[in-house]
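Engineer: Sequence unavailable; structure follows:
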């Protein structure tokens, strides 16, 4: 058993032996050093807080030493950025203990997760950190179409429909369109059309054109529709528009007309160049039945006449008028009335004449009764 004093001496000697061994090892070229520090990558800071397609975006990481816990100022940096499986061009920097990745969020990242990975290597050690940010989908503009109208014309023409977006967008936008029959039908009145309109990024207006089939035949104003569907990167606002083909042809076709009445007499007249007036009405022989004091006393011929006045023709082709032939000797009243309607190159009318006069002091009344007249344009 070693006395306490000797125990102390043995312990001290052991310490001397260890120190001597260390000195000997140093003299032999051996170096004792602590393990190298490992990089530690802190939480990410993003500016702005959320990425947005087409906008700049920067992510910063604080990097420290695992041993000193102080900012790591030396080392190498590597980084990647991607969205939807596609690499994104970016810039990186590592200085002053901060690793930074800067980029412009591409349009392709719209509505997809953005992933950024940073690796720091220092002293043979490395650390990697990956962060992911959702890229909010850009707001979708609405696509709308406006109505259009134009005169029909006598040959092919076009109706232009304005197609607009409610706001510009960095995304390409497309929308389909198709015509549909109304009172105007294809192919008689217009040429059916369908297709897709594409807006390049930033564009907000386009035009859809539909061919109108013109002619010189009167028709009421006619309509058809153009509808939108299948929007891409947009919604549908006003998705249907009316195209109005305005009649520009008179119901009564200008020219010279000849026809027969119900008394089998030949009549003629002209329609003015604008199709709005019946002129130069020349009657056939006017045959009348005459009476005195309510008793039939015979028949007479009222001859024929050519009117200088013009009867207006309405938009729908109808017309009416009367002429009072006063001033004839012994005539107390002589009224001619006519009313009819045109349908393109044909006119149908009813007419009558009432003539009152005195003969040898006797009042005589002569009438034609209700007669008809049909005439056709001859040139």
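Structural biologist: Nice, I can see it. What you are looking at is a predicted structure, and each value in this text was computed from that prediction instead of being measured.

Engineer: switch to C-alpha atoms for all contacts and neighbour counts from now on
Structural biologist: Noted.

Engineer: in the stretch 251-379 of the chain, which spans are strands?
Structural biologist: Here the stretch 251-379 of the chain has its strands, by DSSP state E, counting those that start in this stretch, at 255-261, 266-271, 277-282, 287-292, 295-301, 311-312, 318-324, 331-343, 346-359, 362-367, 371-377.

Engineer: Now tabulate these in JSON lines and tack on distance to residue 214 and mean neighbour count.
Structural biologist: JSON lines is the format used below for these (distance: least, CA to CA, whole Å; neighbours: other CA atoms under 10 Å):
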{"stretch": "strand 255-261", "distance to residue 214": "20", "mean neighbour count": "19"}
{"stretch": "strand 266-271", "distance to residue 214": "22", "mean neighbour count": "21"}
{"stretch": "strand 277-282", "distance to residue 214": "24", "mean neighbour count": "19"}
{"stretch": "strand 287-292", "distance to residue 214": "45", "mean neighbour count": "18"}
{"stretch": "strand 295-301", "distance to residue 214": "48", "mean neighbour count": "13"}
{"stretch": "strand 311-312", "distance to residue 214": "26", "mean neighbour count": "19"}
{"stretch": "strand 318-324", "distance to residue 214": "24", "mean neighbour count": "16"}
{"stretch": "strand 331-343", "distance to residue 214": "18", "mean neighbour count": "17"}
{"stretch": "strand 346-359", "distance to residue 214": "21", "mean neighbour count": "18"}
{"stretch": "strand 362-367", "distance to residue 214": "46", "mean neighbour count": "19"}
{"stretch": "strand 371-377", "distance to residue 214": "21", "mean neighbour count": "19"}
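
Engineer: nearest to residue 164, of those strands?
Structural biologist: Closest approach to residue 164 among the strands of the stretch 251-379 of the chain is made by strand 331-343 (41.5 Å; CA to CA).

Engineer: Please name every helix or strand in contact with the closest one.
Structural biologist: With contacts taken as 3 or more CA pairs under 8 Å, 6 or more residues apart in numbering; DSSP states H and E, strand 331-343 sits against strand 318-324, strand 346-359.

Engineer: what would these look like in TSV with mean pLDDT and distance to residue 169?
Structural biologist: Formatted as TSV, these follow (pLDDT from 0 to 100; distance: least, CA to CA, whole Å):
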stretch	mean pLDDT	distance to residue 169
strand 318-324	94	55
strand 346-359	94	58
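
Engineer: okay, the ones you listed in a markdown table with distance to residue 330 next?
Structural biologist: A markdown table is the format used below for those (distance: least, CA to CA, whole Å):
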| stretch | distance to residue 330 |
| --- | --- |
| strand 318-324 | 14 |
| strand 346-359 | 5 |
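
Engineer: tell me the contacts of residue 40?
Structural biologist: Residues in contact with residue 40 (CA atoms under 8 Å, 6 or more residues apart in numbering) are 63, 64, 65, 66, 127.

Engineer: Would you give the sheet partners of the helix or strand where it lies, along with the direction of each?
Structural biologist: Assigned by DSSP states H and E, residue 40 belongs to strand 39-47. With DSSP bridges as the test, strand 39-47 is paired with strand 56-65 (antiparallel).

Engineer: and the strand it pairs with, which residues are buried?
Structural biologist: For strand 56-65, burial by neighbour count (16 or more other CA atoms under 10 Å) applies to 57, 58, 59, 60, 61, 62, 63, 64, 65.

Engineer: Show me this protein divided up by domain.
Structural biologist: The chain breaks down into these domains under automatic domain parsing: 39-134, 142-246, 255-377.

Engineer: gap between the first one and the chain center?
Structural biologist: To tie it back to what came earlier, the one meant is domain 39-134. 44 Å (CA atoms, centre = their mean, to the nearest Å).

Engineer: Just the endpoints, please. Distance across that domain?
Structural biologist: End-to-end span of domain 39-134 (CA to CA, to the nearest Å): 27 Å.

Engineer: Kindly report the same for the longest one.
Structural biologist: Here the two ends of domain 255-377 are set 6 Å apart, with distance taken as CA to CA.

Engineer: Contact partners for residue 56?
Structural biologist: By CA under 8 Å, 6+ apart, the residues touching residue 56 are 102, 103, 104, 105.

Engineer: The first one and residue 164, how far apart?
Structural biologist: Distance of residue 102 to residue 164, computed by CA to CA: 35 Å.

Engineer: Compare the two (neighbour count), which wins?
Structural biologist: Ranked by neighbour count (other CA atoms under 10 Å), residue 102 and residue 164 place residue 164 first, with 21 against 18.

Engineer: tell me which element that one is part of?
Structural biologist: Element membership of residue 164, judged by DSSP H and E, is strand 157-165.

Engineer: Would you confirm that residue 102 contacts residue 88?
Structural biologist: No. Applying CA atoms under 8 Å, one finds residue 102 not in contact with residue 88, separated by 10.4 Å.

Engineer: And the contacts of stretch 274-282?
Structural biologist: 250-254, 267-272, 304-315.

Engineer: Give me the pLDDT value at residue 219.
Structural biologist: As predicted, residue 219 sits at a pLDDT of 79.
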